[in-house]
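Asks: here's a sequence, model it:
(chains A, B and C)
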Amino acid sequence: MNFFSDLMITALYTAFFQNLVLSFAYGSSEAVRISLKPRAFGMFTAMISGFAVISGAICQPIDSLPAVSALPESVHALVYAAVLAGVYLITAVILKIIFRVSDHFLTNLGIAALNTLVLAIPFINRRSAYSFAASIGSGLGAGVAFVVAAALLASGVHRLSENKEIPQVFRGTPVMFLYISLLSLGFAAFSGNSIFS
Amino acid sequence: MAQAKSKKDNILLKGAVIFNPVLIQLAGLCLAAAATSDVVTSLIFFIVFTVDTVVCCFLASLLFKRLPRWLRVALYLIIGAGCVFPFAFLAEKTGISLNARMQMYLPLLAVNSVTSVHCEQFAVKNTVGKALEDAFAVSVGYGAVILTLGIVREILGNGTFAGLDLGLDVRLGGLLMPFGAFVILAYLAMMLKWYINKYRPEFNEQTSVKIRQNEKVRRENSDETRANTSGVGLNRDDSITEMEFLFGNEPEEFEIFTEFWSPGVITAQDIAADMENLSKEHRQFSLETDRRIEELFANMDTGIDFETLDTVTGEPETEEPAPRDFFGGVFEDYENAENPADNNDGEDGE
Amino acid sequence: MAQQKKEKSLIAKSQSYFGDYLLMLLALCVPAVYYCGRRAVFVLLASVGTAVFCDLTGGLLFYNKILLRDLCAVFTGTAIALMMPPTVPYYVPALACVFAEFAVKIPFGGSMKTPVVPAAAGFAFACVCFPGEVFSFPVSGTSATGQFVSGTSLAGMLRKSSSLHLDPVSVSDILTGSVSGPMGTACAVVLLGCVVFLILRRPRAFLSCFGFILACSVSALLFPRVNTGALASLILEICSGSLLFAAVFFVTDPATSPKKPVYALLYGVYSGILCMLTRYFGIYEEGVCFAVIIANCSWPVIQSLFDKISRNGGSPEKEAA
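Replies: Prediction:
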């Protein structure tokens, strides 16, 4: 029971109250790009959640080993990168050999796996001293945070596309940046600026 | 000789300014927005980013050309981690105080999308020399943005410059948060857009973010062009009115890397040819739609009324693959939803 | 020609809306000046002056025309000033107005096209940048004399203590705004008058306001932050901070709230829930402006879901009709 409550609380906290994408900008490039292609939402989000959960679940027990936990931060970064690369390569090989998916699909799998949001999850888990259940919850929450951010951005993009009053110099990326900044400002109510100041 | 120099300048100008990785291509936003809150951090990130990009592009151009793409992206991560590790380790060992933010974000440079995009789109398709030129140009473009962010945010947000107190009484602490960085990025992008509009109008079209027009705008446009079209005025050519080199628009497409600009690989002619193909497809679609509508008009006597025309005209939309989005097509519905701002049009009785 | 006509119609609509809202804001300025003295006037002047100046320069720079006629800048400046404490340094509301104008109103195409309420965004910006200045309120009655004594607002009390009784702060003080809090948002009686004005002048806008207050009230009753009774929770939650103010002025914003009555009501309820979430889980004592921003940005997604549900639930004949 504790396992599931830990998992759910961390997932909710990561997804909504500390939205990793909007409050901390992890994976924001991918969220912006995916927001312009809503058709890809489901697949991409599932991939991100999957990789975040798996890498978090693998890194947490590794981190809890006494020999590893004493290592400097930079070595941890190497371990996390190696784990993520390993998880991605194993998944890609399995999909390639058993399911015979196309190279095109695998490329997108790579984009979903190898981004700042997924790589940040083990760091967050370590810094917050999350348990195994909470680590999985944080991975799931990262996926939800991503879809929340991408959905909000997508709806914003459509509104902006309809808005013909936007001055010429603001059209395109400037107004998109401003829209992201407003979303980020909204979610600052839950995160504040303590870690950034 | 002069021509070669001009070409080199061109690559530098395009890679660093016109197609700036952050301001135009919207790549590398995480680190630009979250980690660049002071000059020193930005400078360190710039150096590490440059090393990472140059090494990745060099190896990609030299060794990875024959490897499949899905394998290459993992190699970029491994190389990136290898490039970032010495800096992080050195900083820890020499006692350079890394703030919490930097400790967290520095390793994430290993997976920055700018490097992967340029390795994939340029380095693996070109010679080592050209790949290095591109890597250098991109690093300069990225570095310029993150250094500007670092300077502005540190001065306005902290009241310091490189750690030195400037004695400013008013400090906008919010600018140190990602939302502050996005506001500054917006104004930097605005200035770049102004520059392109004024001095480089030939790139105006290519540097715009384009998204699929929604059904409402499409219909408005088709109303405007109704007089010039056959049938009853449904003009499918309006579905993509602007070129979408950056984010793509093919229904089945789930591709991000290839949508980025890559100097020397995609030329203006290629884009024009693509556009022509797209137009052909849409014309064909339009003709097909018109044919169906004419058929329906021909069958009007058998019970079809004008009331259903909207449904009929919307029908070809179903020919495209159904969206596979998480919300089960919510965005397609959103496209048909009214703009909240327009909702108030004609609000009466108040 | 058609473009000019459309533009004129937009300006007329904007003038009509913001004219009404300014009238209500003027009513709120009276208790603000009564309780806070000259200081309130200066804060208002700094805020409105900056908003007008930014609107002028922004309009000339990016639109090559003067946008002031839509009255949005005056509304934004006044609203931001009224949400501030009287002790706030003048640069805080001024910078909030700069943000509201240059990051929200001007780039997104003017008052009737903004994706979020500029005043809410400006105040949220001030909260994030200057939390110390924005959330330090003087004890009521000490401002008028110029000798400020630091106090705690109702929202602050709610945040800090769960055993808050209505006795130390009498209900009449709460209703008349004679409590520590923002300059213009503490006087519940005037705000309730604004609600009545809204019912008479803009019934559809009132629906959003009603939905918002309803959702907040239900949340206050179901999940009280005080353990001294449901009634105390209800009164303290509704009358504290800028909740009522936001219900009247931000949730009913013409550019961001939906037109259809049902959606207007649902939008109000949704914003109210978000507002209470920011109060319960947010890090600032007043999170209503953040909630308004999130509601503004996320409502189109929610509305599309409702649209989808209603379409699926309706019969084909109804849909065709």
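Asks: where do the strands of chain B begin and end?
Replies: B:160-161, B:164-165 (DSSP state E).
Asks: which neighbouring elements make contact with the first one?
Replies: Secondary structure elements in contact with strand B:160-161, counted by 3 or more C-beta pairs under 8 Å, 6 or more residues apart in numbering or on different chains; DSSP states H and E, are absent; no helix or strand qualifies. C-beta: built from backbone N, CA, C; applies to glycine.
Asks: buried ones in the helix or strand residue C:50 falls within, by neighbour count?
Replies: Assigning secondary structure by DSSP states H and E places residue C:50 in helix C:38-58. Residues of helix C:38-58 classed as buried by neighbour count (16 or more other C-beta atoms under 10 Å in any protein chain shown): C:39-40, C:43-44, C:46-48, C:50-55, C:58.
Asks: quick one: contacts for residue A:185?
Replies: Residues near residue A:185 by C-beta atoms under 8 Å, 6 or more residues apart in numbering or on different chains: B:174, B:179, C:121, C:124, C:125, C:128, C:290, C:293.
Asks: just to revisit the earlier point, with pLDDT and distance to chain B as added columns, please give the buried residues of helix C:38-58 in CSV.
Replies: CSV is the format used below for these (pLDDT from 0 to 100; distance: C-beta to the nearest C-beta, whole Å):
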residue, pLDDT, distance to chain B
C:39, 88, 19
C:40, 90, 22
C:43, 94, 16
C:44, 95, 20
C:46, 95, 13
C:47, 96, 16
C:48, 96, 20
C:50, 96, 14
C:51, 96, 18
C:52, 96, 21
C:53, 95, 17
C:54, 95, 14
C:55, 94, 17
C:58, 93, 12
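Asks: ok, these vs chain A, which is closest?
Replies: residue C:58 (9.2 Å; C-beta to the nearest C-beta).
Asks: quick one: that closest one and residue C:66 touch, right?
Replies: No - using C-beta atoms under 8 Å, residue C:58 is not in contact with residue C:66, being 10.2 Å away.
Asks: between which two of the buried residues of helix C:38-58 is the distance greatest?
Replies: Maximum pairwise distance among these (C-beta to C-beta): 28.2 Å, between C:39 and C:58.
Asks: off-centre distance for stretch C:253-267?
Replies: Its chain's C-alpha centre and that of stretch C:253-267 lie 15 Å apart, by C-alpha atoms, centre = their mean, to the nearest Å.
Asks: next: stretch C:248-256.
Replies: 8 Å.
Asks: does it reach chain B?
Replies: Yes - for stretch C:248-256 and chain B, the contact criterion (C-beta under 8 Å from any C-beta of the partner chain) is met by C:254, C:255, C:256.
Asks: does chain C have contacts with stretch B:145-157?
Replies: No - with C-beta under 8 Å from any C-beta as the criterion, chain C is not reached by stretch B:145-157; the gap is at least 8.6 Å.
Asks: give me whichever of the strands of chain B is most buried.
Replies: The highest mean neighbour count among those, using mean count of other C-beta atoms under 10 Å in any protein chain shown, belongs to strand B:160-161: a mean of 16.
Asks: direction included, what does that strand pair against?
Replies: Taking DSSP bridges as the criterion, strand B:160-161 forms sheet pairs with strand B:164-165 (antiparallel).
Asks: wait, doesn't residue C:214 sit right on residue C:270?
Replies: No - with contact defined as C-beta under 8 Å, residue C:214 does not reach residue C:270; the gap is 11.4 Å.
Asks: the more surrounded of these two?
Replies: residue C:270 (23 against 15; other C-beta atoms under 10 Å in any protein chain shown).
Asks: give me the pLDDT value at the most centrally placed residue in chain A.
Replies: Chain A has residue A:117 as the residue nearest its centroid, 3.4 Å off, counting by C-alpha atoms, centre = their mean. Residue A:117 is assigned a predicted lDDT (pLDDT) of 91.
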